[in-house]
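Student: show me how the following folds:
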Amino acid sequence: LATGEKIKYYVTEDPVKNYDVTYNQDTKTITNTYNQDIKGEITKKQIVPTESTDTAPLDVVFVLDVSGSMEDNNKGSNMVSAVNSAMNTILNSNSENKVGIVTFSDSSSTLLPLGRYTANSNSEYLKYRYSWYGYDDRIETNLKNWKNSYKAISGGTYTQSGIKAGANMLINNSKTTYTTKNGETRSRIPLIILVTDGEPTYYASTYNNPTVSNRFGNGTQTTGIYGYYTIKTANYYKQQVQQHYFENNDGGAKFYTIGTGMSGEFAKAVLDPSAENIQATNKGGSNDRRKQLYNLITEKNEINSLDYADASATGSFSSEQLTKLMNDFIKSNSVETTTRKITEEESNSRKVIIGDMDFETENALKEFKLIVNGTEYNTKSSAMQSGYLKQNATDGYYLDFSSIPDGNNVSFTMTYYKPEVTVKD
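Tutor: Okay, here's the model as predicted:
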């Protein structure tokens, strides 16, 4: 070669599956980037009926209506029976669980601060006392090592005040985390369970700080605006609890509502303002509270942004029915969660075996969500019809991604009841 003559070098690489090759002219470097065909997460959530050290402890606040109408048709006594059963479930299923109780009528007050309690007798943490000699019915605490107190059943329905007090009990709680058996720090689960028998008869337009001094109403009537601001308060305070417990959005605050003795589109929308329930209030004239509520929400374009309730029920409930509702709400939050990435082997085979999940037992499957290529499948049957969920004798249920183009993200989440282990003699 002559002095100063340039020499050209050529570098070639054989193509390797899942790797992209780039060459930087300036730095003269070659970079190999791995790209997995199918990426995503598989999440299993098991609802655990018995105590587990890795089950997140619960902070449960009951927000109980003690307005005058709760004396009618045994609504108050049925509520107390259900709360007693629920408290027994909460306090005995996990030694870290805590309970608090707020009551509301014309205003709100704390009956029990957030903590752990022992009933004086027969798992009755509360007692319902019927009226005598002209006095109102009342709810009394019935606890060991506690100065017992009571709340009379009387007055109107200032639901916003109760929601604020219940949420603040959680927001002011300093212990929002626990340590798993593996030494990890995780968030406790905050729950609000609201029980009421009537539509709100007071409201405050300052929904983020409803007080007695800024309320409107006379305690006997309601219109659409009463329901609207009650919804706004519930939605706002749920978000505040969420922020307090889950700064990094790694979990969720829960809000459950029960309307005992309640029915109709307006009541359902106030206690469970899903888009469907709000849409159902679009009826009646300008003086109909349903139409008023619908107009207030749609004029502000909030029909999809106020759905605070994780579950809700309205109707005429017996003591047994209320008890089952509350216990179902609570047990659905005793969840063990495992999340993992789809592996390279699974991506290459386009097959993900689900494993020991219970698809078959009646009522065992509580949540099903498969997202593929932006399409969501919320039931087992729809996923099977799509061809993504399959079953065979060797693997049981598995996810088949053989028809998905490279580069797609998938997500699979399933919540189910973990069977209790029965020890036989």
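Student: spatially central residue for this protein, please.
Tutor: Among the residues of the chain, residue 254 comes closest to the average C-alpha position under C-alpha atoms, centre = their mean, at 3.5 Å.
Student: which residues touch that one?
Tutor: For residue 254, the residues meeting the contact criterion (C-beta atoms under 8 Å, 6 or more residues apart in numbering) are 189-192, 310, 329, 333. Backbone N, C-alpha and C define where each C-beta goes, glycine included.
Student: need the max-distance pair from these.
Tutor: Greatest spacing in the contacts of residue 254, by C-beta to C-beta: 190 and 329 (13.0 Å).
Student: what residues does stretch 293-313 touch?
Tutor: Contacts made with stretch 293-313 from outside it, assessed by C-beta under 8 Å, 6+ apart, are listed as 224-225, 227-228, 231-232, 234-235, 238, 254-259, 266, 268-275, 278-279, 281-282, 325, 329, 332.
Student: which residue ranges of the stretch 101-250 of the chain form strands?
Tutor: Using DSSP state E, counting those that start in this stretch, the strands assigned to the stretch 101-250 of the chain run over residues 108-115, 126-129, 138-141, 150-152, 177-179, 185-187, 189-196.
Student: packing partners for the fourth one?
Tutor: Taking 3 or more C-beta pairs under 8 Å, 6 or more residues apart in numbering; DSSP states H and E as contact, the helices and strands that strand 150-152 lies on are strand 138-141.
Student: partner strands of the strand it packs on and their direction?
Tutor: Under the criterion DSSP bridges, strand 138-141 sits next to strand 126-129 (antiparallel), strand 150-152 (antiparallel) in its sheet.
Student: out of those strands, indicate the one that is most buried.
Tutor: Highest mean neighbour count among those (mean count of other C-beta atoms under 10 Å): strand 126-129, with a mean of 20.
Student: show me how far it is from its chain's centre.
Tutor: Here strand 126-129 is found 29 Å from its chain centre; the criterion is C-alpha atoms, centre = their mean, to the nearest Å.
Student: quick one: the strands in the stretch 301-425 of the chain?
Tutor: With DSSP E, counting those that start in this stretch as the definition, the stretch 301-425 of the chain shows strands at residue ranges 311-315, 335-341, 351-353, 365-372, 375-377, 389-392, 396-400, 408-417.
Student: returning to what we had before: between residue 190 and residue 329, point out the one with more neighbours.
Tutor: Each of residue 190 and residue 329 has its neighbours counted (other C-beta atoms under 10 Å); residue 190 has more, 29 against 21.
Student: ok, the more buried one - contacts?
Tutor: With contact set as C-beta under 8 Å, 6+ apart, residue 190 has these partners: 58-59, 61, 170, 173, 176, 241, 244-245, 253-254.
Student: please apply the same query to residue 274.
Tutor: The contact partners of residue 274, taken as C-beta under 8 Å, 6+ apart, are 307, 309.
Student: returning to that earlier point: pipe the strands of the stretch 301-425 of the chain into a markdown table and attach distance to residue 27, mean pLDDT and mean neighbour count per row.
Tutor: Compiled in a markdown table, those are given as follows (distance: least, C-beta to C-beta, whole Å; pLDDT from 0 to 100; neighbours: other C-beta atoms under 10 Å):
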| stretch | distance to residue 27 | mean pLDDT | mean neighbour count |
| --- | --- | --- | --- |
| strand 311-315 | 57 | 95 | 18 |
| strand 335-341 | 31 | 72 | 13 |
| strand 351-353 | 39 | 89 | 17 |
| strand 365-372 | 39 | 79 | 18 |
| strand 375-377 | 42 | 89 | 13 |
| strand 389-392 | 47 | 89 | 14 |
| strand 396-400 | 41 | 88 | 18 |
| strand 408-417 | 31 | 75 | 18 |
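Student: nearest to residue 94, out of the ones you listed?
Tutor: Comparing these against residue 94 with C-beta to C-beta, the closest turns out to be strand 335-341 (11.8 Å).
Student: and the helices in the stretch 201-350 of the chain?
Tutor: Listed in chain order, the helices of the stretch 201-350 of the chain (DSSP state H, counting those that start in this stretch) span 224-245, 265-271, 275-279, 289-299, 319-331, 344-349.
Student: need the contact partners of the second one.
Tutor: For helix 265-271, the external contacting residues (C-beta under 8 Å, 6+ apart) are 194, 196, 199-200, 224, 227, 230-231, 257-259, 262, 277-278, 280-281, 283, 289-290, 293, 309, 312, 314.
Student: do the same with the third one
Tutor: Residues external to helix 275-279 that are found in contact with it (C-beta under 8 Å, 6+ apart): 265, 268-269, 293-294, 297-298, 303-304, 306-307.
Student: in it, what's buried?
Tutor: Buried residues in helix 275-279, counted by 16 or more other C-beta atoms under 10 Å: 277-278.
Student: how close does the residue lying closest to residue 375 once chain neighbours are set aside get to residue 376?
Tutor: Distances taken as C-beta to C-beta, 6 or more residues apart in numbering place residue 386 nearest to residue 375, at 7.8 Å, with adjacent residues excluded. Taking C-beta to C-beta, to the nearest Å as the criterion, residue 386 is separated from residue 376 by 11 Å.
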